[in-house]
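Asks: got a sequence here, can you model it:
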Amino acid sequence: MINGASIAARESAAGVGIGGIAFLFVLMIGLLVVISLIAYLCSSAARRGELPRGRLRYRAGVVLSSCAAICVYLWGLLHMPSDEAVYLRKACADAGGEERASRVDGYETSYVPLRFVCRVDGDGGFSTIPSWINPTVGVLCSLALITAAASATRAPTGHRSKQTTPKGNSNP
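Replies: Prediction:
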């Protein structure tokens, strides 16, 4: 053991976890998408008189459930350790305790579904990502898809916007 981490764990640390630049990139893109979706919803609400009746409810459902799914995913991403061996061991110690963290012989990473598993020899492994993250993201994404499908299949009941005619046309 070198500095509390086994040699196998140090060698398998290459390419696991999330690097600082990659983490910031994913975080910034996620926040930009959430802000853009909220701005879209606000602009739709501002011109709700131009939308077919009831369409704003569907848009709100799709946008809010999509934003919630992105925010929950980003929250789970905050539990993913950096790709340095010290942070990997600390994340395993926080999730499984010092005794189990000292026996870690490898790591397993997945971004969809979000997962970071500390592999322990003979004991399987344990995750540092909270167990509720992936099911919650799945339910929220499903809700967004169902709401979008319901919006697409619902026949519009008419527009509330004014009908205008080009200049010079005397038709009412």
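Asks: so what secondary structure elements neighbour the top helix by length along the chain?
Replies: For the chain, the helix reaching the highest residue count under DSSP state H is reported as helix 20-46. The elements that helix 20-46 packs onto, with contact taken as 3 or more C-beta pairs under 8 Å, 6 or more residues apart in numbering; DSSP states H and E, are helix 55-77. Where you see a C-beta, it was placed from the backbone N, CA and C, and this is true even at glycine.
Asks: elements contacting the helix it packs on?
Replies: Here helix 55-77 touches helix 20-46, strand 114-120, helix 133-153, going by 3+ C-beta pairs under 8 Å, 6+ apart.
Asks: give me the neighbour count for Leu32.
Replies: 10 (other C-beta atoms under 10 Å).
Asks: so how far is Cys71 from it?
Replies: When C-beta to C-beta, to the nearest Å is the yardstick, Leu32 and Cys71 sit 13 Å from each other.
Asks: picking that back up, could you give the angle of the longest helix of the chain to helix 55-77?
Replies: Orientation of helix 20-46 against helix 55-77 (axes from the mean of the first three to the mean of the last three C-alpha atoms, to 10 degrees) gives an angle of 160 degrees.
Asks: show the average pLDDT along helix 20-46.
Replies: Mean pLDDT, computed over helix 20-46, is 90.
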